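> Got a sequence here, can you build the structure:
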Amino acid sequence: MSAALIVGGFLLLWVLADLLSGKVYLHRAFLRSQEPLSYWFVLALWLLVALSCFYIGEPI
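Got it, this is the predicted structure:
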């Protein structure tokens, strides 16, 4: 199992925890109840980072 898959798994768990808590972190905390647009944008950003860990492209 590669390190990228392990990191991706932890990031997916982090995204799930953020969904359940309603709080997501970037350079500060964004609360879903106070800043919904920023919350969903940062959550989508973390989800893209997590999913990119599972992408296996062609070797160069």
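> quick one: the residue most central in space within the chain from F10, how far?
With distances taken as C-alpha atoms, centre = their mean, W46 lies nearest the centre of the chain, 2.4 Å away. From W46 over to F10 the distance is 11 Å, taken as C-beta to C-beta, to the nearest Å. (C-beta placed from N, C-alpha, C; glycine too.)
> I figured the residue nearest to the centre of the chain was touching L13, is that so?
No: checked against C-beta atoms under 8 Å, the pair W46 and L13 is beyond contact range at 11.0 Å.
> can you give me the mean pLDDT across the longest helix along the chain?
In the chain, taking DSSP state H as the definition, the longest helix is helix 3-21. Averaging pLDDT along helix 3-21 gives 92.
> after that helix, next one along is what?
strand 23-25 (DSSP states H and E).
> which neighbours does that next one have in its sheet, and in what orientation?
The pairing partners recorded for strand 23-25 under DSSP bridges are strand 29-31 (antiparallel).
> got the buried residues for the strand it pairs with?
Residues of strand 29-31 classed as buried: F30 (neighbour count, 16 or more other C-beta atoms under 10 Å).
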